[in-house]
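Student: please work out how this folds:
(one chain, ligands or ions: 1)
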Amino acid sequence: MKKITKAVIPAAGLGTRFLPATKALPKEMLPIVDTPNIQYIVEEAVRAGIKDILIIISGTKEAIEDYFDVNAELEMRLKAGKKDKETEMIRAIADMANIVYVRQKEPKGLGHAILSARPFIGDEPFAVLLGDDLITYDKKPAIGELMETYEKTGGTVLGCKRVPKELLHKYGVVKPIGDYSSSTFQICDMVEKPKDPSLAPSDVAAQGRYVLPGEIFDILANTQPGVGGEIQLTDAIKTSMEKIPCYAQIFTGDRYDIGDKFGYIKSIIDFSLKRDDLKDQVKAYIKELAAKE
Ligand code: UTP
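Tutor: The predicted structure is shown next:
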(Lines give C-alpha, C1' and ligand atoms only; values in the text may rest on other atoms or scores of the structure.)
Protein backbone atom coordinates (compact mmCIF):
# COMPACT_ATOMS: atom_id res chain seq x y z
CA MET A 1 0.00 0.00 0.00
CA LYS A 2 1.30 3.45 -0.90
CA LYS A 3 2.00 5.78 2.02
CA ILE A 4 0.40 9.21 2.19
CA THR A 5 3.05 11.89 1.99
CA LYS A 6 1.24 14.83 0.40
CA ALA A 7 -1.69 17.05 1.27
CA VAL A 8 -3.82 19.41 -0.79
CA ILE A 9 -5.52 22.43 0.74
CA PRO A 10 -8.13 23.90 -1.62
CA ALA A 11 -8.45 27.61 -0.89
CA ALA A 12 -9.66 29.03 -4.19
CA GLY A 13 -13.36 29.43 -3.45
CA LEU A 14 -15.03 32.81 -3.84
CA GLY A 15 -16.07 33.07 -0.20
CA THR A 16 -19.33 34.80 -1.13
CA ARG A 17 -20.78 34.11 2.31
CA PHE A 18 -18.09 36.33 3.76
CA LEU A 19 -18.32 39.36 1.50
CA PRO A 20 -17.31 42.17 1.62
CA ALA A 21 -14.16 41.00 3.52
CA THR A 22 -13.41 38.35 0.88
CA LYS A 23 -13.34 40.97 -1.88
CA ALA A 24 -9.68 41.47 -0.99
CA LEU A 25 -8.93 39.03 1.85
CA PRO A 26 -9.02 35.25 1.40
CA LYS A 27 -11.38 33.72 3.97
CA GLU A 28 -8.59 31.26 4.84
CA MET A 29 -6.63 34.27 6.18
CA LEU A 30 -9.39 35.33 8.57
CA PRO A 31 -7.71 35.29 11.97
CA ILE A 32 -8.98 33.10 14.79
CA VAL A 33 -8.04 35.85 17.27
CA ASP A 34 -4.45 36.37 15.98
CA THR A 35 -3.70 33.30 13.86
CA PRO A 36 -5.07 32.88 10.33
CA ASN A 37 -7.20 29.78 9.95
CA ILE A 38 -4.94 28.38 7.24
CA GLN A 39 -2.05 28.16 9.71
CA TYR A 40 -4.11 25.76 11.83
CA ILE A 41 -4.87 23.70 8.71
CA VAL A 42 -1.20 23.48 7.69
CA GLU A 43 -0.26 22.58 11.29
CA GLU A 44 -2.84 19.79 11.26
CA ALA A 45 -1.22 18.22 8.18
CA VAL A 46 2.25 18.62 9.67
CA ARG A 47 1.14 17.03 12.97
CA ALA A 48 -0.12 14.06 10.93
CA GLY A 49 3.37 13.68 9.42
CA ILE A 50 2.78 15.44 6.09
CA LYS A 51 5.26 18.13 5.07
CA ASP A 52 4.63 18.41 1.32
CA ILE A 53 1.61 20.60 0.89
CA LEU A 54 -0.08 22.11 -2.14
CA ILE A 55 -2.37 25.07 -1.55
CA ILE A 56 -4.81 25.78 -4.37
CA ILE A 57 -5.31 29.52 -4.62
CA SER A 58 -7.03 32.01 -6.91
CA GLY A 59 -6.51 35.61 -8.02
CA THR A 60 -7.11 37.34 -4.68
CA LYS A 61 -5.13 34.96 -2.53
CA GLU A 62 -1.54 36.29 -2.64
CA ALA A 63 -1.83 37.01 1.08
CA ILE A 64 -1.61 33.25 1.67
CA GLU A 65 1.68 32.97 -0.25
CA ASP A 66 3.09 35.99 1.59
CA TYR A 67 2.04 34.55 4.94
CA PHE A 68 4.03 31.34 4.53
CA ASP A 69 7.01 33.09 2.96
CA VAL A 70 10.02 34.53 4.81
CA ASN A 71 9.54 38.23 5.62
CA ALA A 72 13.16 39.35 5.90
CA GLU A 73 12.36 43.01 6.51
CA LEU A 74 9.95 42.27 9.37
CA GLU A 75 12.44 39.82 10.88
CA MET A 76 15.16 42.45 10.71
CA ARG A 77 13.00 45.09 12.40
CA LEU A 78 11.86 42.69 15.12
CA LYS A 79 15.45 41.64 15.76
CA ALA A 80 16.57 45.26 15.95
CA GLY A 81 13.83 45.85 18.54
CA LYS A 82 15.10 42.81 20.52
CA LYS A 83 11.80 41.03 19.95
CA ASP A 84 13.36 37.57 19.80
CA LYS A 85 10.20 35.63 20.61
CA GLU A 86 8.25 37.33 17.82
CA THR A 87 11.17 36.88 15.37
CA GLU A 88 11.23 33.16 16.09
CA MET A 89 7.47 32.89 15.81
CA ILE A 90 7.25 34.44 12.35
CA ARG A 91 10.26 32.45 11.08
CA ALA A 92 8.69 29.20 12.35
CA ILE A 93 5.66 29.86 10.17
CA ALA A 94 7.84 30.00 7.05
CA ASP A 95 9.74 26.85 8.08
CA MET A 96 6.70 24.79 9.01
CA ALA A 97 6.30 22.80 5.77
CA ASN A 98 7.25 22.60 2.08
CA ILE A 99 4.40 24.57 0.59
CA VAL A 100 3.78 25.03 -3.11
CA TYR A 101 0.91 26.76 -4.86
CA VAL A 102 -1.20 26.30 -7.92
CA ARG A 103 -3.83 28.65 -9.25
CA GLN A 104 -7.33 27.49 -10.05
CA LYS A 105 -8.05 29.90 -12.90
CA GLU A 106 -11.83 29.84 -12.52
CA PRO A 107 -13.89 28.87 -9.46
CA LYS A 108 -15.48 25.87 -11.12
CA GLY A 109 -15.99 23.90 -7.94
CA LEU A 110 -14.09 21.83 -5.40
CA GLY A 111 -13.72 18.89 -7.83
CA HIS A 112 -12.17 21.21 -10.43
CA ALA A 113 -9.83 22.66 -7.79
CA ILE A 114 -8.64 19.17 -6.77
CA LEU A 115 -8.04 18.25 -10.41
CA SER A 116 -5.49 21.06 -10.62
CA ALA A 117 -3.44 19.20 -7.96
CA ARG A 118 -2.70 16.34 -10.36
CA PRO A 119 0.81 17.40 -11.43
CA PHE A 120 1.82 17.71 -7.75
CA ILE A 121 0.28 14.43 -6.62
CA GLY A 122 0.81 12.09 -9.59
CA ASP A 123 -1.06 8.84 -9.01
CA GLU A 124 -0.55 8.49 -5.25
CA PRO A 125 -3.27 8.56 -2.61
CA PHE A 126 -3.31 11.93 -0.86
CA ALA A 127 -4.89 13.93 1.95
CA VAL A 128 -7.26 16.85 1.42
CA LEU A 129 -7.99 19.48 4.08
CA LEU A 130 -10.49 22.18 3.16
CA GLY A 131 -9.06 25.61 3.87
CA ASP A 132 -12.15 26.89 5.65
CA ASP A 133 -12.85 23.92 7.93
CA LEU A 134 -11.16 24.27 11.29
CA ILE A 135 -11.03 21.09 13.37
CA THR A 136 -9.76 20.98 16.95
CA TYR A 137 -7.66 18.11 18.28
CA ASP A 138 -5.90 17.04 21.38
CA LYS A 139 -3.24 14.55 20.34
CA LYS A 140 -4.27 13.16 16.97
CA PRO A 141 -5.49 15.57 14.30
CA ALA A 142 -8.56 14.65 12.24
CA ILE A 143 -6.54 14.05 9.07
CA GLY A 144 -4.30 11.66 11.05
CA GLU A 145 -7.38 9.67 12.09
CA LEU A 146 -8.39 9.38 8.42
CA MET A 147 -4.86 8.33 7.43
CA GLU A 148 -4.97 5.50 9.99
CA THR A 149 -8.21 4.25 8.48
CA TYR A 150 -6.61 4.43 5.03
CA GLU A 151 -3.66 2.38 6.30
CA LYS A 152 -6.06 -0.28 7.63
CA THR A 153 -8.39 -0.42 4.61
CA GLY A 154 -6.55 0.96 1.56
CA GLY A 155 -9.78 2.74 0.56
CA THR A 156 -11.04 6.28 0.15
CA VAL A 157 -11.77 7.87 3.53
CA LEU A 158 -14.16 10.75 4.23
CA GLY A 159 -13.91 12.77 7.45
CA CYS A 160 -17.42 12.88 8.86
CA LYS A 161 -19.55 14.04 11.79
CA ARG A 162 -23.00 13.08 13.00
CA VAL A 163 -25.24 16.09 12.36
CA PRO A 164 -28.69 17.07 13.74
CA LYS A 165 -31.47 16.31 11.25
CA GLU A 166 -32.34 19.95 10.62
CA LEU A 167 -28.78 20.73 9.46
CA LEU A 168 -28.29 17.80 7.06
CA HIS A 169 -29.36 19.94 4.08
CA LYS A 170 -26.00 21.79 4.28
CA TYR A 171 -23.81 18.72 3.73
CA GLY A 172 -23.00 15.64 1.67
CA VAL A 173 -24.69 12.85 3.63
CA VAL A 174 -23.30 9.31 3.43
CA LYS A 175 -25.20 6.04 2.93
CA PRO A 176 -23.67 3.38 5.19
CA ILE A 177 -23.42 -0.30 4.32
CA GLY A 178 -25.08 -2.00 7.30
CA ASP A 179 -24.49 -0.93 10.90
CA TYR A 180 -22.96 2.50 11.37
CA SER A 181 -22.80 2.87 15.12
CA SER A 182 -18.98 2.74 15.24
CA SER A 183 -16.67 5.60 14.22
CA THR A 184 -15.45 3.85 11.03
CA PHE A 185 -17.76 2.15 8.53
CA GLN A 186 -18.03 1.48 4.81
CA ILE A 187 -20.41 3.50 2.69
CA CYS A 188 -21.96 2.89 -0.74
CA ASP A 189 -23.43 6.27 -1.73
CA MET A 190 -23.73 9.95 -0.84
CA VAL A 191 -26.54 12.46 -1.18
CA GLU A 192 -25.33 16.04 -1.64
CA LYS A 193 -27.31 18.62 0.37
CA PRO A 194 -30.60 16.65 0.77
CA LYS A 195 -33.50 19.14 0.61
CA ASP A 196 -35.51 17.24 3.20
CA PRO A 197 -34.19 15.11 6.12
CA SER A 198 -36.32 12.20 4.82
CA LEU A 199 -34.09 12.14 1.70
CA ALA A 200 -30.90 11.83 3.80
CA PRO A 201 -29.58 8.24 3.92
CA SER A 202 -28.14 8.72 7.46
CA ASP A 203 -27.25 11.47 9.94
CA VAL A 204 -23.55 11.32 9.02
CA ALA A 205 -22.15 14.13 6.88
CA ALA A 206 -18.78 14.67 5.17
CA GLN A 207 -16.97 17.64 6.71
CA GLY A 208 -13.82 18.93 5.13
CA ARG A 209 -11.25 16.11 5.39
CA TYR A 210 -10.52 13.37 2.85
CA VAL A 211 -8.03 10.70 1.90
CA LEU A 212 -8.46 10.24 -1.83
CA PRO A 213 -7.03 7.66 -4.22
CA GLY A 214 -4.85 8.77 -7.16
CA GLU A 215 -7.54 7.32 -9.48
CA ILE A 216 -9.78 10.25 -8.51
CA PHE A 217 -8.04 12.46 -11.11
CA ASP A 218 -9.16 10.40 -14.11
CA ILE A 219 -12.67 10.33 -12.67
CA LEU A 220 -12.69 14.09 -12.04
CA ALA A 221 -11.47 14.75 -15.57
CA ASN A 222 -14.58 12.94 -16.82
CA THR A 223 -17.04 14.37 -14.31
CA GLN A 224 -19.63 16.72 -15.79
CA PRO A 225 -20.60 19.90 -13.92
CA GLY A 226 -23.26 19.09 -11.31
CA VAL A 227 -25.06 21.23 -8.71
CA GLY A 228 -24.47 24.97 -9.31
CA GLY A 229 -22.67 24.25 -12.62
CA GLU A 230 -19.58 23.22 -10.60
CA ILE A 231 -17.50 20.06 -10.87
CA GLN A 232 -18.43 18.37 -7.62
CA LEU A 233 -15.95 16.26 -5.67
CA THR A 234 -18.90 14.30 -4.25
CA ASP A 235 -19.91 13.17 -7.76
CA ALA A 236 -16.38 11.88 -8.45
CA ILE A 237 -16.20 10.09 -5.08
CA LYS A 238 -19.53 8.41 -5.83
CA THR A 239 -18.19 7.15 -9.18
CA SER A 240 -14.99 5.94 -7.50
CA MET A 241 -17.05 3.75 -5.12
CA GLU A 242 -17.79 1.39 -8.04
CA LYS A 243 -14.16 0.23 -7.89
CA ILE A 244 -12.58 1.53 -4.69
CA PRO A 245 -14.15 0.93 -1.25
CA CYS A 246 -15.05 4.11 0.59
CA TYR A 247 -15.18 4.59 4.37
CA ALA A 248 -16.62 7.21 6.65
CA GLN A 249 -14.36 8.14 9.55
CA ILE A 250 -16.10 10.07 12.30
CA PHE A 251 -13.33 12.29 13.60
CA THR A 252 -12.97 13.17 17.26
CA GLY A 253 -12.46 16.95 17.19
CA ASP A 254 -14.97 19.79 16.92
CA ARG A 255 -15.38 21.36 13.52
CA TYR A 256 -15.98 25.01 12.69
CA ASP A 257 -17.01 26.27 9.25
CA ILE A 258 -15.13 29.54 9.24
CA GLY A 259 -16.54 30.42 5.80
CA ASP A 260 -19.86 30.89 7.58
CA LYS A 261 -20.29 34.01 9.74
CA PHE A 262 -21.68 32.27 12.82
CA GLY A 263 -19.18 29.41 12.52
CA TYR A 264 -16.40 31.99 12.49
CA ILE A 265 -17.76 33.81 15.56
CA LYS A 266 -18.06 30.50 17.45
CA SER A 267 -14.45 29.59 16.61
CA ILE A 268 -13.16 32.88 17.99
CA ILE A 269 -15.15 32.56 21.22
CA ASP A 270 -14.17 28.90 21.79
CA PHE A 271 -10.50 29.44 20.94
CA SER A 272 -10.19 32.48 23.17
CA LEU A 273 -11.84 30.58 26.04
CA LYS A 274 -9.01 28.03 25.75
CA ARG A 275 -6.23 30.63 25.84
CA ASP A 276 -4.65 31.51 29.17
CA ASP A 277 -4.02 35.09 28.06
CA LEU A 278 -7.67 35.71 27.15
CA LYS A 279 -10.05 33.28 28.82
CA ASP A 280 -10.76 35.24 32.02
CA GLN A 281 -11.53 38.48 30.21
CA VAL A 282 -13.69 36.77 27.60
CA LYS A 283 -15.60 34.72 30.19
CA ALA A 284 -16.28 37.83 32.28
CA TYR A 285 -17.50 39.69 29.20
CA ILE A 286 -19.85 36.87 28.18
CA LYS A 287 -21.28 36.80 31.72
CA GLU A 288 -21.77 40.56 31.58
CA LEU A 289 -23.64 40.27 28.28
CA ALA A 290 -25.80 37.41 29.57
CA ALA A 291 -26.73 39.43 32.64
CA LYS A 292 -28.01 42.23 30.38
CA GLU A 293 -30.37 39.87 28.50
P1 UTP B 1 -17.12 26.36 -0.25
O2 UTP B 1 -18.34 26.19 -1.05
O3 UTP B 1 -17.23 26.30 1.24
O4 UTP B 1 -16.33 27.69 -0.58
O5 UTP B 1 -16.05 25.33 -0.79
P6 UTP B 1 -16.74 28.96 -1.36
O7 UTP B 1 -17.25 28.60 -2.71
O8 UTP B 1 -15.57 29.86 -1.27
O9 UTP B 1 -17.88 29.49 -0.38
P10 UTP B 1 -19.07 30.48 -0.64
O11 UTP B 1 -20.27 29.57 -0.68
O12 UTP B 1 -18.81 31.24 -1.92
O13 UTP B 1 -19.09 31.38 0.56
C14 UTP B 1 -15.38 24.38 0.01
C15 UTP B 1 -13.88 24.45 -0.19
O16 UTP B 1 -13.55 24.30 -1.57
C17 UTP B 1 -12.74 25.37 -2.03
C18 UTP B 1 -13.02 26.51 -1.07
O19 UTP B 1 -11.91 27.39 -1.01
C20 UTP B 1 -13.27 25.77 0.26
O21 UTP B 1 -12.05 25.44 0.90
N22 UTP B 1 -13.12 25.68 -3.43
C23 UTP B 1 -14.44 25.80 -3.77
C24 UTP B 1 -12.12 25.86 -4.35
O25 UTP B 1 -10.91 25.77 -4.04
N26 UTP B 1 -12.48 26.15 -5.64
C27 UTP B 1 -13.79 26.27 -6.02
O28 UTP B 1 -14.03 26.53 -7.21
C29 UTP B 1 -14.77 26.10 -5.05
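Student: what segments of the stretch 101-250 of the chain are strands?
Tutor: In the stretch 101-250 of the chain, the strands defined using DSSP state E, counting those that start in this stretch lie at 126-129, 133-135, 156-162, 172-176, 184-192, 204-212, 246-250.
Student: now render those as TSV, adding distance to the ligand.
Tutor: Backbone N, C-alpha and C define where each C-beta goes, glycine included. Listed next are these as TSV, based on distance: least, Cβ to the nearest ligand atom, whole Å:
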stretch	distance to the ligand
strand 126-129	9
strand 133-135	7
strand 156-162	13
strand 172-176	11
strand 184-192	12
strand 204-212	8
strand 246-250	19
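Student: okay, now D123: neighbour count?
Tutor: For D123, the count of nearby residues is 13 (other Cβ atoms under 10 Å).
Student: separation between the residue lying closest to it once chain neighbours are set aside and the ligand?
Tutor: Residue nearest to D123 in three dimensions, not counting chain neighbours: G214, with 3.6 Å by Cβ to Cβ, 6 or more residues apart in numbering. To the ligand, G214 is 19 Å away according to Cβ to the nearest ligand atom, to the nearest Å.
Student: pick out the residue in the protein sitting closest to the ligand.
Tutor: At 2.1 Å from the ligand, G13 is the closest residue in the chain, using Cβ to the nearest ligand atom.
Student: quick one, phi psi at that residue?
Tutor: phi -70, psi 160 (degrees, to the nearest 10).
Student: distance-wise, check K165 relative to S202.
Tutor: Per Cβ to Cβ, to the nearest Å, K165 is found 11 Å from S202.
Student: circling back: give me the neighbour count for the nearest residue to the residue of the chain closest to the ligand once chain neighbours are set aside.
Tutor: Closest residue to G13 apart from its sequence neighbours, by Cβ to Cβ, 6+ apart: P107 at 6.2 Å. Counted by other Cβ under 10 Å, the residues lying close to P107 total 16.
Student: contacting residues for M89?
Tutor: With contact set as Cβ atoms under 8 Å, 6 or more residues apart in numbering, M89 has no partners.
Student: likewise the one 10 residues further on?
Tutor: For I99, the contacting residues are V42, I53, L54, I55, F68, taking Cβ under 8 Å, 6+ apart as the criterion.
Student: and E44, backbone torsions?
Tutor: phi -60, psi -50.
Student: that one against P141, yeah?
Tutor: Yes - at 4.3 Å, E44 and P141 qualify as touching, with contact defined as Cβ atoms under 8 Å.
Student: okay, and the common contacts of those two?
Tutor: I135.
Student: returning to that earlier point: could the strands of the stretch 101-250 of the chain go into CSV alongside mean neighbour count?
Tutor: Listed next are these as CSV, based on neighbours: other Cβ atoms under 10 Å:
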stretch, mean neighbour count
strand 126-129, 27
strand 133-135, 24
strand 156-162, 24
strand 172-176, 22
strand 184-192, 18
strand 204-212, 24
strand 246-250, 23
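Student: just to revisit the earlier point, in strands only, show me the contacts of I99.
Tutor: In this view, the contacts of I99 that belong to strands under DSSP state E are I53, L54, I55.
Student: any idea how far the closest residue to the second one other than its chain neighbours is from R47?
Tutor: What that stands for is L54. Excluding its sequence neighbours, the residue lying closest to L54 (Cβ to Cβ, 6+ apart) is F120, at 4.5 Å. Remark: distance between F120 and R47 (Cβ to Cβ) = 21 Å.
Student: contacting residues for V8?
Tutor: I53, L54, I55, I56, I114, A117, F120, I121, F126, A127, V128, L129.
Student: name the nearest of those relative to S240.
Tutor: Here the nearest of the contacts of V8 to S240, counting by Cβ to Cβ, is I114; it sits at 12.1 Å.
Student: gap between the closest one and P107?
Tutor: For I114, the distance to P107 - Cβ to Cβ - is 13 Å.
Student: flag every residue of the stretch 151-293 of the chain that's near the ligand.
Tutor: Contact residues (Cβ under 6 Å from any ligand atom) of the stretch 151-293 of the chain with the ligand: G259.
Student: what residues does the stretch 1-150 of the chain put near the ligand?
Tutor: 10-17, 56, 104, 107-110, 112-113, 130-132.
Student: now the residues you listed: which count as buried?
Tutor: Taking 16 or more other Cβ atoms under 10 Å as the criterion, what is buried in those is 10-13, 15, 56, 104, 107-110, 112-113, 130-132.
Student: sorry, back to before: among the contacts of I99, name the buried ones.
Tutor: The neighbour-count test (16+ other Cβ under 10 Å) marks V42, I53, L54, I55, F68 as buried among the contacts of I99.
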